[in-house]
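K.L.:
build me a model from this:
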Amino acid sequence: QVQLVESGGRLVQAGDSLRLSCVASGRISNIYAMGWFRQAPGNELDFVGRILWTGGTTDYADAVKGRFTISRDTAKNTVYLQMNSLKPEDTATYYCALRRNYFGEPSSQKDAYDNWGQGTQVTVSS
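P.N.:
Residues are numbered from 1 along each chain as shown. Presented below is the predicted three-dimensional model:
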């Protein structure tokens, strides 16, 4: 059993910065990548970005490129999402996800991931 717990979400103003954290615990057999997704009310789950656990290569959705940065601490099984220059349209519930293996869907697809956190709410006021 793998548990992912996100934290750090809160109400901020447009232009502010915020850092989310996600800690993975439990029976973690392997981590290929960790991803961040978000879902605004009435919208589908959207890919935000991902980081490869070995090497730390990152990839981002166009909507957040240049403003968001994903990093990880492999010793702590923790992934971070640093969000700068936040906009009201960034308001969403943010989820982290763990992908165990390389095989399967691209990392931008939710079906590529094996485990999910419960989400943390980020609200950006204008």
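K.L.:
mind listing what residue 76 touches?
P.N.:
Each residue near residue 76 by Cβ atoms under 8 Å, 6 or more residues apart in numbering is listed here: residue 23. Any C-beta I mention is one placed from the backbone N, CA and C, and that applies to glycine too.
K.L.:
same thing but at 10 Å, please
P.N.:
Going by Cβ atoms under 10 Å, 6 or more residues apart in numbering, residue 76 touches 21, 23, 24.
K.L.:
tell me the centre residue of this protein?
P.N.:
The centroid of the chain falls nearest to residue 36 when counting by Cα atoms, centre = their mean (2.0 Å).
K.L.:
tell me what it is bridged to.
P.N.:
With DSSP bridges as the criterion, residue 36 is bridged to residue 49, residue 96.
K.L.:
what's the distance between it and residue 126?
P.N.:
Distance from residue 36 to residue 126, counting by Cβ to Cβ, to the nearest Å: 23 Å.
K.L.:
between the contacts of residue 76, which is nearest residue 67?
P.N.:
Nearest to residue 67 among the contacts of residue 76: residue 21, at 17.9 Å, using Cβ to Cβ.
K.L.:
please name the residues that touch that closest one.
P.N.:
5-9, 73, 76, 78-81, 96, 120.
K.L.:
again, only this time at 8 Å
P.N.:
So residue 21 contacts 6, 7, 8, 78, 79, 80, 81 (Cβ under 8 Å, 6+ apart).
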